[in-house]
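Trainee: I need the structure of the sequence given here:
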Amino acid sequence: MALRRMKFLNKNVGESIYRHRKLADSSFALSFLGLCLLVAWGGLMAASSDPLPAERLELIHADQFEGVTINGQQVRKFEGQVEFRQGTAQMLCQRATQYVDEERVIFEGQVSMADSGKQMLADRVEYFEGARRALATGNVKMIDSSKTLSADEIEYFDKEEIANARGRVVIKDEKERLTLTGGRADYNRAIGYAKVFEHPVLIQSDSTQEKEITITGEIMEMFEDGDRIMVERAVQIVRGEVTAQSDSLEYLRKQDRAILSAKPKAQRQNDHLTGKNIELILRGTEVSAIHIVGNAVVTSRVDTLITTNIPYDLLTGDDIMVSIANEAVDTVIVKGKATSYYHVIEENKEKGLNKVLGDEIRMFFANDEMERVDVGSSPSSSIGMFYPPSSKKEIETELAAFLTKNGAELNTGSDAREQRSENHM
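Mentor: Numbers count the residues shown, from 1 in each chain. So this is what the prediction gives:
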């Protein structure tokens, strides 16, 4: 009797489903239907007393069906509105080819696979029933809550919740306004971890989508669903006028901090900052401060309208904090062996050079121009000396030596000639 039902099902799936519904009027008929389906799709059960396989892939509906044998293997082809289920997972498509002995199905045409709040869309999915593994190609997109993973190809392991994405990878979190792109990515959904290769780019936008932080590197790792980002090798972070580079970066998104280590350096307009570590302190996507820790150095180029032999100011110390308000420097605090060389400018003319040493130097700015300097030392050992233009040659030589020592590309002759040429123009 079961063999006859299976043969009938091969001829017309739609009619078989209709007859199954009619048999649902009695508990005996329902049990018999379950046995028939298991025989038809399992192929290995000889009697109802055999152990039942857990969560087998089952056909729910198809408009058309054809069963054939290829090289001794059962192959079933379905077309139209095709629906399969395995446990709580639902598979929809326009065409499906099932290789029964291999427990493998190829879904094609507007494929949708949904289970437990996650969904995969693709043009084609090769699905392995036993391993619950899916290989999706063509306009592939995985949607999970507010996150979307898209790529040219995604291999997904449902039991482990692991996705390996290849080609034009995009991980997007609409709620957090976070986008991570690259050429290849490994994503573990269960723990919110992703590792992105091949020119990864992270973009963090504000609520208006007008201001953003961009981070690039060679390898990028996402932890805790993007709350922490690690970037390695050839790292660059850009926000407005602030650009920083290093070989390692840790972005603590919830703490509004980006920490650069391994030869870090940063630039803001004419300011160049270096140190053991550089931390960008953020307010959303705004850079509110730059904190340099260890061997801190800030080199600033003097306004090109000013003619001077050494057109640089210099700050050094153990720790330098540069505070920024409305995208302009507000305060600079130098701590530990604080040293400052800065030009005194009045009415676009240089009036001389100041050298200041102390335990702490505080500089206050308005519209990016320094207004006041406070120096503190214990026990009152601060030094401040002013060198007018007529006697500044010695201090310029000293400044040039410090600049060269700290990696400034300094050519005093060419710098002076460049400024004179710019002023003449």
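Trainee: make it CA atoms for all contacts and neighbour counts henceforth
Mentor: OK.
Trainee: Lowest mean pLDDT among the helices and strands, pick that one out for this structure.
Mentor: helix 2-11 (a mean of 32; mean pLDDT, DSSP states H and E).
Trainee: Might one say that residue 362 is in contact with residue 375?
Mentor: Yes. Assessed by CA atoms under 8 Å, residue 362 is found in contact with residue 375 at 6.4 Å.
Trainee: So between these two, which is more surrounded?
Mentor: Higher neighbour count among residue 362 and residue 375: residue 375, with 20 against 17, using other CA atoms under 10 Å.
Trainee: Wasn't residue 225 part of a strand?
Mentor: No. If the criterion is DSSP: H, G, I helix; E, B strand; the rest coil, then residue 225 is helix and not within a strand.
Trainee: mind listing what it touches?
Mentor: By CA atoms under 8 Å, 6 or more residues apart in numbering, the contact list for residue 225 reads 191-193.
Trainee: can you pull the pLDDT of it?
Mentor: We have a pLDDT of 89 for residue 225.
Trainee: ok, now how distant is it from residue 362?
Mentor: For residue 225, the distance to residue 362 equals 40 Å [CA to CA, to the nearest Å].
Trainee: ditto for residue 325
Mentor: 16 Å.
Trainee: Residue 208 now?
Mentor: 35 Å.
Trainee: cool, residue 186 as well?
Mentor: Per CA to CA, residue 186 is found 47 Å from residue 362.
Trainee: same check, this time on residue 305
Mentor: Using CA to CA, we find residue 305 at a distance of 26 Å from residue 362.
Trainee: What pairs with the helix or strand hosting residue 166, parallel or antiparallel?
Mentor: Assessed by DSSP states H and E, residue 166 sits inside strand 162-173. Strand pairing for strand 162-173, determined by DSSP bridges: strand 147-157 (antiparallel), strand 178-188 (antiparallel).
Trainee: for those strands, which one sits closest to residue 243?
Mentor: With CA to CA as the criterion, residue 243 lies closest to strand 178-188 of the strands paired with strand 162-173, at 19.0 Å.
Trainee: what's that closest one in contact with?
Mentor: In contact with strand 178-188 (CA under 8 Å, 6+ apart) are residues 160-173, 193-205.
Trainee: how far out from the middle of the chain is it?
Mentor: Remark: strand 178-188 is offset 7 Å from the chain centroid, using CA atoms, centre = their mean, to the nearest Å.
Trainee: go on, stretch 365-375?
Mentor: How far stretch 365-375 lies from its chain's middle: 38 Å, per CA atoms, centre = their mean.
Trainee: How about stretch 219-229?
Mentor: For stretch 219-229, the distance to the chain centre is 7 Å (CA atoms, centre = their mean).
Trainee: Quick one: end-to-end length of that stretch, please.
Mentor: Start to finish, the residues bounding stretch 219-229 are 11 Å apart (CA to CA).
Trainee: Just the buried positions in that stretch, please.
Mentor: Residues of stretch 219-229 classed as buried by neighbour count (16 or more other CA atoms under 10 Å): 219-223, 225-226, 228-229.
Trainee: try stretch 365-376
Mentor: 365, 370, 375-376.
Trainee: List the neighbours of that stretch that are in contact with it.
Mentor: By CA under 8 Å, 6+ apart, stretch 365-376 touches 328-331, 356-364, 382.
Trainee: So which of the residues you listed belong to strands?
Mentor: 328-331, 356-364 (DSSP state E).
Trainee: neighbouring contacts of stretch 335-355?
Mentor: 302, 305-308, 312-320, 356-361, 383-389, 392, 395, 399.
Trainee: wait, stretch 310-320
Mentor: Residues outside stretch 310-320 that contact it (CA under 8 Å, 6+ apart): 291-303, 332-343, 396, 399-400, 403, 412, 415-416.
Trainee: Generate a PyMOL selection restricted to the buried subset of those.
Mentor: In PyMOL, a selection of the buried entries from those looks like this (16+ other CA under 10 Å):
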select buried, resi 291+292+293+294+295+296+297+298+299+300+302+332+333+334+335+336+337+338+339+340+341+342+343+396+399+400+403+412+415+416
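Trainee: so where is the stretch 51-200 of the chain shaky, pLDDT-wise?
Mentor: 51-54 (pLDDT under 70).
Trainee: And the strands in it, which stretches?
Mentor: 58-61, 64-70, 73-86, 89-99, 104-115, 118-128, 133-144, 147-157, 162-173, 178-188, 193-197 (DSSP state E, counting those that start in this stretch).
Trainee: pLDDT (mean, whole number) over whichever strand or helix holds residue 344?
Mentor: Element membership for residue 344 (DSSP H and E) is strand 328-346. The average pLDDT for strand 328-346 rounds to 88.
Trainee: Each with direction, which strands does it pair with?
Mentor: Strand 328-346 has these strand partners (DSSP bridges): strand 312-325 (antiparallel), strand 349-366 (antiparallel).
Trainee: so how far is that strand off the chain centroid?
Mentor: Computed by CA atoms, centre = their mean, the chain-centroid distance of strand 328-346 equals 35 Å.
Trainee: again with stretch 303-323
Mentor: Using CA atoms, centre = their mean, the offset of stretch 303-323 from its chain centre is 34 Å.
Trainee: now swap in stretch 74-88 and tell me
Mentor: 37 Å.
Trainee: With that, I have no additional questions.
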